[in-house]
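Asks: pasting the sequence and the predicted model now:
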Amino acid sequence: MKTLFSKLYSTLTCSNPTNSNLISYYFSLVNSSPNCKHLCHLHARLLRTSLYDNVVLSSKLVLAYSQHNKLIPHSISVFFHMPQRNIYSWNIIIGEFSRSNSPLKAIDLFLQMWQSSNVKPDDFTLPLVLRACVSSGLVKLAFSFHGLCVKLGFERSLFVASALVFLYVSFGKIFYARVLFDGMPKKDAVLWTAMLDGYAKHEEPMLGLELFREMVDAGVAPDWVVMLSLLLVCGQLGWLKHGKSVHGWCARRCLGMELNLGNAIVDMYLKCATLTYAHRVFNMMNQRDVISWSSLILGYGLSGNVSIALELFDNMVANGVKPNQVTFLGILSACAHGGLAERASSCFEMMGDYGVTPELKHYAGMVDCLARAGLLKQAEDFIKEMPMEPDAAILGAILAGCRVHNNVEVGERIARKLISLEPEKAGYYVLLSNIYAAAGRFDEAEKVREFMKEKNVSKVPGCSSIELESWLSSSTKE
């Protein structure tokens with residue numbers, strides 16, 4: 001710290017330093033400023049000299065304040081007190097706000113630049129504004145900015161095209177994102193990755209794999225970001241062999257087991273039902289966050305490995321990692337598979353201690369646990385005390401419990417509610433018919449089947465998939 005302050009005031013004794021040397025010198029000082037206090041001293045020094053008039057130095061000051069979490073009020077104040085502003089300074093302030101918790105301010109600043117200054121946006125400005133639209137959820141305004149991109153002739157810029165693809169992907173408009181992608185005469189790795197990531201996140205794995213093949217054929221070298229999307233695709237398809245290949249590629253490129261990549265590999269192995277590999281990768285990770293722990297707990301919970309899921313949860317809490325919604329969903333699933341109704345109740349109550357608000361899926365997990373344990377009356381009472389209306393998943397959990405424990409009385413009540421909610425779902429009719437049949441009430445079971453025929457309700461055929469050498473084979477069973 002003392003060294004930095006001595007650097008700051010050494011310019012007072014410099015013998016005839018040139019202006020360009022001073023600019024470079026102060027630029028370095030601003031860039032290496034360790035805290036906001038030191039930055040304020042630099043700011044004051046620049047104000048006492050003519051150097052504050054330099055747009056590069058004052059713009060760098062705006063950026064430095066933002067990097068020290070002083071976007072408001074320091075950065076914005078410096079920006080509006082700058083003697084002159086160019087597109088470089090506008091891009092800095094718009095970009096910082098687009099990445100902050102106030103993306104609407106970035107849009108407001110852009111409109112101010114457009115209407116009240118002589119500075120025109122470039123192909124670095126518009127991606128920042130498009131990002132702010134995504135963060136703000138302003139769909140119509142985002143489409144208007146797309147029109148502005150075309151009007152200004154930036155639609156063929158790789159920076160703008162990548163931002164537009166990201167925009168349409170974020171708003172679920174995959175078709176329009178692909179139209180934009182295909183219309184680009186040149187494509188870089190960022191554009192390919194944006195489109196591939198869109199397919200992966202919107203559960204279009206086959207289209208994602210096809211795009212990846214096109215990317216490789218085009219000679220674009222994949223990086224770790226592409227691997228994240230590929231791992232997601234392999235997990236969605238359950239392609240263990242291909243997922244292992246991606247994992248091997250990462251290992252051969254010495255990418256290590258960084259947090260995001262490690263989490264993606266663990267998630268892929270869990271979706272491919274290879275818990276041993278997932279746990280092994282988890283143990284190899286140098287760093288673990290709540291996503292790492294929660295993914296593994298949920299995987300073990302859904303697969304019925306109750307003791308391991310609970311042990312992981314205890315270790316997670318002991319390591320000081322705060323559980324989130326996914327964590328508790330995994331614990332409730334584990335308790336449901338193990339018939340641990342009391343442990344599930346204590347974990348459900350524990351959610352409030354960690355600031356986690358239960359959602360419908362948590363209530364469904366709790367009801368499923370009670371129903372599987374045969375506590376059907378308690379499950380019904382639990383539903384009545386819910387702060388929101390139960391959905392079909394919650395009622396379906398009770399109906400499934402009635403089938404297991406042959407409770408006709410509760411089963412009839414729940415089945416009527418489910419059929420009124422979703423009359424086209426054949427599963428509810430079938431469960432009710434099976435409940436009647438298990439109780440020896442065959443005439444009523446047959447009536448339910450006849451009612452299904454009258455309403456033209458039929459079961460959806462089941463489908464199983466088998467991974468082959470290079471494709472996925474599916475077979476359907478009635």
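Replies: Ah, there it is. Residues are numbered from 1 along each chain as shown.

Asks: C-alpha from now on. contacts and neighbour counts both.
Replies: OK.

Asks: low-confidence regions, the stretch 1-150 of the chain specifically.
Replies: For the stretch 1-150 of the chain, the stretches with pLDDT under 70 are 1-19.

Asks: could you pull out the helices for it?
Replies: 2-10, 19-31, 36-47, 55-67, 76-80, 87-98, 103-116, 125-136, 139-151 (DSSP state H, counting those that start in this stretch).

Asks: in TSV, list those helices along with mean neighbour count and distance to N305.
Replies: Formatted as TSV, those follow (neighbours: other C-alpha atoms under 10 Å; distance: least, C-alpha to C-alpha, whole Å):
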stretch	mean neighbour count	distance to N305
helix 2-10	12	57
helix 19-31	15	52
helix 36-47	16	51
helix 55-67	22	45
helix 76-80	16	54
helix 87-98	21	44
helix 103-116	17	44
helix 125-136	23	39
helix 139-151	15	44
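
Asks: any stretches of the stretch 251-400 of the chain with poor pLDDT?
Replies: For the stretch 251-400 of the chain (pLDDT under 70), the answer is 254-257.

Asks: hang on, the earlier thing: please name whichever of the helices of the stretch 1-150 of the chain is nearest to V306.
Replies: Among the helices of the stretch 1-150 of the chain, helix 125-136 comes nearest to V306, with 38.9 Å by C-alpha to C-alpha.

Asks: tell me what that closest one is packed against?
Replies: helix 87-98, helix 103-116, helix 139-151, helix 158-170 (3 or more C-alpha pairs under 8 Å, 6 or more residues apart in numbering; DSSP states H and E).

Asks: hmm, 6 Å instead?
Replies: helix 87-98 (3 or more C-alpha pairs under 6 Å, 6 or more residues apart in numbering; DSSP states H and E).

Asks: where's C347, which helix or strand?
Replies: Using DSSP states H and E, C347 sits in helix 341-350.

Asks: touching that helix from outside, list them.
Replies: The contact list for helix 341-350 (C-alpha atoms under 6 Å, 6 or more residues apart in numbering) reads L332, C335, C369, L370.

Asks: just the C-alphas of whichever strand or helix holds the last one, formatted as PDB.
Replies: Taking DSSP H and E as the definition, L370 sits inside helix 360-372. This file holds the C-alpha atoms of helix 360-372, laid out as PDB (Å, rounded to 0.1, in the frame of the first residue of the first chain):
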ATOM      1  CA  LEU A 360     -44.700 -27.500  -4.800                       C
ATOM      2  CA  LYS A 361     -42.100 -30.100  -5.600                       C
ATOM      3  CA  HIS A 362     -41.000 -30.200  -1.900                       C
ATOM      4  CA  TYR A 363     -44.600 -30.600  -0.800                       C
ATOM      5  CA  ALA A 364     -44.900 -33.400  -3.400                       C
ATOM      6  CA  GLY A 365     -41.800 -35.100  -2.000                       C
ATOM      7  CA  MET A 366     -43.200 -34.800   1.600                       C
ATOM      8  CA  VAL A 367     -46.600 -36.200   0.500                       C
ATOM      9  CA  ASP A 368     -44.900 -39.000  -1.400                       C
ATOM     10  CA  CYS A 369     -43.000 -40.000   1.700                       C
ATOM     11  CA  LEU A 370     -46.100 -40.100   3.900                       C
ATOM     12  CA  ALA A 371     -48.000 -42.000   1.200                       C
ATOM     13  CA  ARG A 372     -45.300 -44.600   0.700                       C
END
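
Asks: hang on, the earlier thing: by neighbour count, which of the contacts of helix 341-350 wins?
Replies: Ranked by the number of neighbours (other C-alpha atoms under 10 Å), the contacts of helix 341-350 place L332 first, at 34 neighbours.

Asks: measure it to R45 for me?
Replies: Distance, L332 to R45, by C-alpha to C-alpha, to the nearest Å: 60 Å.

Asks: what about H202, how many residues close to it?
Replies: 15.

Asks: can you pull the contacts of it?
Replies: So H202 contacts nothing (C-alpha under 6 Å, 6+ apart).

Asks: what are the phi and psi values for it?
Replies: Backbone torsions for H202, taken as degrees, to the nearest 10, come to phi -100, psi 20.

Asks: kindly report the same for M82.
Replies: According to degrees, to the nearest 10, M82 has phi -70, psi 130.

Asks: how much space separates it from M227?
Replies: On the measure of C-alpha to C-alpha, M82 and M227 end up 44 Å apart.

Asks: who's more crowded, these two?
Replies: More crowded of M82 and M227, by other C-alpha under 10 Å: M227, with 21 against 16.

Asks: for the more buried one, which non-adjacent residue is closest in space?
Replies: V246 (6.7 Å; C-alpha to C-alpha, 6 or more residues apart in numbering).

Asks: helix or strand for that neighbour, which one?
Replies: Counting by DSSP H and E, V246 is part of helix 240-252.

Asks: kindly export that helix (C-alpha atoms) in PDB.
Replies: C-alpha atoms of helix 240-252 as PDB (Å, rounded to 0.1, in the frame of the first residue of the first chain):
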ATOM      1  CA  LEU A 240     -23.000 -43.100 -21.000                       C
ATOM      2  CA  LYS A 241     -20.400 -44.100 -23.700                       C
ATOM      3  CA  HIS A 242     -20.400 -40.700 -25.300                       C
ATOM      4  CA  GLY A 243     -20.400 -39.000 -22.000                       C
ATOM      5  CA  LYS A 244     -17.300 -41.000 -21.000                       C
ATOM      6  CA  SER A 245     -15.700 -39.900 -24.300                       C
ATOM      7  CA  VAL A 246     -16.300 -36.200 -23.400                       C
ATOM      8  CA  HIS A 247     -14.900 -36.800 -19.900                       C
ATOM      9  CA  GLY A 248     -11.800 -38.500 -21.500                       C
ATOM     10  CA  TRP A 249     -11.300 -35.500 -23.800                       C
ATOM     11  CA  CYS A 250     -11.300 -33.200 -20.900                       C
ATOM     12  CA  ALA A 251      -8.800 -35.300 -19.000                       C
ATOM     13  CA  ARG A 252      -6.500 -35.600 -22.100                       C
END
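
Asks: immediately after that helix, which helix or strand?
Replies: helix 259-271.

Asks: contacting residues around S292?
Replies: Going by C-alpha under 6 Å, 6+ apart, the list of residues near S292 reads N263.

Asks: 8 Å - rerun?
Replies: N263, V266, F282 (C-alpha atoms under 8 Å, 6 or more residues apart in numbering).

Asks: L232 against A264, yeah?
Replies: Yes: the pair L232 / A264 is scored as a contact, 6.9 Å apart, by C-alpha atoms under 8 Å.

Asks: tell me how far the residue positioned nearest the centre of the chain lies from C272.
Replies: The centre of the chain sits closest to K201, judged by C-alpha atoms, centre = their mean, with a distance of 8.4 Å. The gap separating K201 from C272 is 17 Å, by C-alpha to C-alpha.

Asks: ok, now L130?
Replies: In terms of C-alpha to C-alpha, L130 sits 36 Å off from C272.

Asks: do S59 as well
Replies: Taking C-alpha to C-alpha, one finds S59 at 50 Å from C272.

Asks: and for K60?
Replies: For K60 relative to C272 (C-alpha to C-alpha), the value is 48 Å.

Asks: tabulate the helices of the stretch 1-150 of the chain in JSON lines, adding columns for distance to K459.
Replies: Shown next, in JSON lines, are the helices of the stretch 1-150 of the chain (distance: least, C-alpha to C-alpha, whole Å):
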{"stretch": "helix 2-10", "distance to K459": "74"}
{"stretch": "helix 19-31", "distance to K459": "66"}
{"stretch": "helix 36-47", "distance to K459": "66"}
{"stretch": "helix 55-67", "distance to K459": "58"}
{"stretch": "helix 76-80", "distance to K459": "61"}
{"stretch": "helix 87-98", "distance to K459": "49"}
{"stretch": "helix 103-116", "distance to K459": "48"}
{"stretch": "helix 125-136", "distance to K459": "40"}
{"stretch": "helix 139-151", "distance to K459": "38"}
